[in-house]
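> pasting the structure only:
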């Protein structure tokens, strides 16, 4: 039996688990793993310029591909930088394995160079954090890490690898990946749910991440059509249901129209399908009435009852529930429900309809979104940061295809560009466009070099108003005329992109946006389109008095 080093054993497990891409910032403490990857060309190792960027890339790659994402970092500072992507993966239920180098075993508990107790640090940020202190346990514990990351409610797992352990050798005992079948619902619960839905007068279904992760959109469409039920998507889960479908009633999050919120609050039945009822989705936990009837369907028993107590809890995989329900669905012909769905979708279309408003002084974001919606292919993948620009994207961009939006429910700034890189690596045939504000873009802008070096042609649209716009809007609302810490200065991002070797454009008025977008698409290289917007316009629904003050 061949003896392998710890680093070689780690890579052997990665190969067995089907890892095709890994994202890292190289570090001395896990060079044994990097060296072993040299002999495995079937795993592409992409070196990022910051561990936060690497973790965002791996997280978005996992969302887009459906595989377990893999990122790697060195001990201490590297691991700390990695944390933002792990937090994102936890809140977004994204399967991710983070391999982190650790100090030598004899030096532990001595405040050694860059020493951090990773199990303690990451235990509340991840599903599991483990340190492998014996080389012969690598197959056992690393296969388990992949299993935990992808099973149940998916999420991130941290695996700590002591430097000296990676240099030890052992007779490698090969193991295979193992998978747990998705739990199915019992027929009694399905029948009860279908009966409740059929009898409801004003129902609503909230589709969450469980729909996207299980790739159940096509089944949900059939279910909604057969049951005549309006569908709303949870926060940043836009593509869980096609926005142009007649059953679509809108999305939950920042800027949701009051008419939709009022409908949900007065619904006589809410069906929560694979959603954890986040703070943003529930409008600060105020979405459901105290006496609302709730059917909560989720793969995680820990999620059910955490926010709202259900009248009918069903612990199952979303796809398995929909498959079982479609087999047993009753014949329905509810004229009033059909009218209700038609009215809700009409309201959504009116709210999300956009005019070609253009400006010669700045780029009017209404007009830019109008052009973008009409220019991008329908199967383009959109990624985004958090920021005030997001209001235009969420309101006006109609996502028609499954898995076409990749965004952080954690609200992480700096996500857009590295997430676009991860998504493009997973789906190279797709057009991938990231949205960022100037504040968020500057946080991970260095990953543009990664895109150029690795020839990953993503397009970054940077909405520049020279401020932390979201915080400025809150500042103006709660503490008017007391501006502090929200004003920024920026370089010319288009020129900076060209210095990186990317395609760069700066757009100062609406008529120049489409030509710039066309050139970026035609360039075949990473591209940045800097969009100069009016700093007095802070949100898509901004009160006039704030604009006048600015």
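Noted; the coordinates are in hand. The structure presented is a predicted model; accordingly, all values stated were derived computationally and were not measured.
> average pLDDT for the host helix or strand of residue 327?
Following DSSP states H and E, the helix or strand that holds residue 327 is helix 318-328. Throughout helix 318-328, pLDDT has a mean value of 97.
> how about low-confidence regions in the protein?
Across the chain, residues meeting the criterion (pLDDT under 70) sit at 1, 541-550.
> surely residue 215 is within a helix?
No. Assessed with DSSP: H, G, I helix; E, B strand; the rest coil, residue 215 is coil; it does not lie in a helix.
> I figured it hits residue 402, correct?
Yes. Assessed by Cβ atoms under 8 Å, residue 215 is found in contact with residue 402 at 6.7 Å. For every residue, glycine as well, the C-beta is placed using N, CA and C.
> what helix or strand is the residue nearest to residue 259 when sequence neighbours are not counted on?
Of all residues beyond its chain neighbours, the one nearest residue 259 is residue 347 (5.8 Å), with distances taken as Cβ to Cβ, 6 or more residues apart in numbering. Element membership of residue 347, judged by DSSP H and E, is helix 335-352.
> could you list every helix and strand in contact with that helix?
In terms of contacts (3 or more Cβ pairs under 8 Å, 6 or more residues apart in numbering; DSSP states H and E), helix 335-352 is packed against strand 248-251, helix 258-265, helix 390-396.
> how about those in JSON lines, adding mean neighbour count and distance to residue 331?
As requested, those are exported to JSON lines (neighbours: other Cβ atoms under 10 Å; distance: least, Cβ to Cβ, whole Å):
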{"stretch": "strand 248-251", "mean neighbour count": "26", "distance to residue 331": "23"}
{"stretch": "helix 258-265", "mean neighbour count": "16", "distance to residue 331": "26"}
{"stretch": "helix 390-396", "mean neighbour count": "22", "distance to residue 331": "37"}
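> nearest to residue 325, out of those?
Across the helices and strands packed on helix 335-352, residue 325 has its closest neighbour in strand 248-251 (19.2 Å, Cβ to Cβ).
> pull the residues that contact the closest one.
Under the criterion Cβ atoms under 8 Å, 6 or more residues apart in numbering, residues 204, 230-235, 237-238, 241-243, 256-257, 260, 263, 341, 344-345, 347-348, 351-352, 394 lie in contact with strand 248-251.
> from those, which would you call buried?
By neighbour count, with 16 or more other Cβ atoms under 10 Å, these hold 204, 230-235, 237-238, 241-243, 256-257, 260, 263, 341, 344-345, 347-348, 352, 394 as buried.
> more neighbours: residue 215 and residue 402, which one.
Neighbour totals were compared for residue 215 and residue 402, and residue 402 leads with 19 against 13 (other Cβ atoms under 10 Å).
> ok so that one is a helix residue?
No. The assignment for residue 402 is coil, going by three-state DSSP, so no helix is present there.
> which neighbouring elements make contact with the strand or helix carrying residue 367?
Taking DSSP H and E as the definition, one finds residue 367 inside helix 365-375. With contacts taken as 3+ Cβ pairs under 8 Å, 6+ apart, helix 365-375 sits against helix 390-396, helix 513-523.
> can you list contacts of whatever helix or strand comes next after that helix?
Scanning the chain past helix 365-375 towards its C-terminal end, the next helix or strand to appear is strand 381-384 (assignment: DSSP H and E). In this structure, residues lying in contact with strand 381-384 by Cβ under 8 Å, 6+ apart are 60, 64, 390, 393, 397, 399, 403-407, 415-417, 419-420, 423-424, 427, 430-436.
> what lines up beside strand 381-384 in the sheet?
strand 405-406 (parallel), strand 432-437 (parallel) (DSSP bridges).
> could you save these as CSV and add columns showing distance to residue 464?
Listed next are the strands paired with strand 381-384 as CSV, based on distance: least, Cβ to Cβ, whole Å:
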stretch, distance to residue 464
strand 405-406, 22
strand 432-437, 8
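> tell me the most buried of those?
Among the strands paired with strand 381-384, the stretch with the highest mean neighbour count (mean count of other Cβ atoms under 10 Å) is strand 432-437, at a mean of 28.
> ok, and what's touching the helix holding residue 347?
For helix 335-352, the surrounding residues in contact (Cβ under 8 Å, 6+ apart) are 201-203, 228-230, 243, 245-250, 257, 259-260, 263, 395-396, 398.
> 6 Å instead?
Contact partners of helix 335-352, identified using Cβ atoms under 6 Å, 6 or more residues apart in numbering, comprise 228, 230, 246-250, 257, 259, 395-396.
> how about stretch 233-242?
Outside stretch 233-242, the residues within contact range by Cβ under 6 Å, 6+ apart are 206-209, 211-212, 231, 248, 251-253, 275, 278, 280-281, 399-400, 402-405, 407, 409.
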